[in-house]
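Asks: Pasting a predicted model and its sequence here:
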Amino acid sequence: MYRIKNVSISFTGDNLGLPVTSSSGTRYSLPMNVRLSASYENRWDRHSLAAAVEGQAYFGGLPAGGCSVGAEYGFNSIAALRAGYHYGSNKNGLPSYASIGAGLSMFGITVDAAYLIAPARSAMHNTFMVGIGYRF
């Protein structure tokens, strides 16, 4: 990751490795992907506002790509409201969808929730996610 004041830029690669073998002996290639991301965050008093954009490329099968944009408003490092959009190629099994969410953080415990807004024919339709974590 590279950071200049309020701007962060990162480049990541996932699943860059050898194929895996199942217990039955079938070999599968990992769905390799790379991502390039940029974000901006500004804080004033007890408020924060952040925005990010990310481009993805997938390899190891049918080549595919996608991009995501999102924004977050935070208050006092305790509560956050989020919204975003992910564009994907349905022909490669990467659906497009919008998302809204919220998060709370107190005493190191974080609770995040998100709802995905996708077309009825999409596998992401009516998806609701909740995450609970602890920050050391």
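Replies: Yep, it's here.
Asks: Name all residues that make contact with the nearest residue to V111 once chain neighbours are set aside.
Replies: Leaving out its chain neighbours, the residue that sits closest to V111 by Cβ to Cβ, 6 or more residues apart in numbering is L104, at 5.0 Å. (C-beta placed from N, C-alpha, C; glycine too.) Applying Cβ atoms under 8 Å, 6 or more residues apart in numbering, we find L104 in contact with 78-80, 110-112.
Asks: Return the members of the residues you listed classed as buried.
Replies: Neighbour counting by 16 or more other Cβ atoms under 10 Å classes 80, 112 among those as buried.
Asks: Looking at the contacts of L104, which one is closest to Y58?
Replies: Closest approach between the contacts of L104 and Y58, by Cβ to Cβ: D112, at 25.1 Å.
Asks: Quick check: the gap between that closest one and M32.
Replies: Shown here: D112 relative to M32, a distance of 27 Å by Cβ to Cβ, to the nearest Å.
Asks: if we can go back for a sec, need the max-distance pair from the contacts of L104.
Replies: Most distant of the contacts of L104, by Cβ to Cβ, are I78 and D112, 12.9 Å apart.
Asks: Assign the most centrally placed residue in the chain to helix, strand or coil.
Replies: The centre of the chain sits closest to S68, judged by Cα atoms, centre = their mean, with a distance of 7.8 Å. Look at S68: counting by DSSP: H, G, I helix; E, B strand; the rest coil, its state is strand.
Asks: My read is that it contacts A83, right?
Replies: No. Using Cβ atoms under 8 Å, S68 is not in contact with A83; the gap is 11.6 Å.
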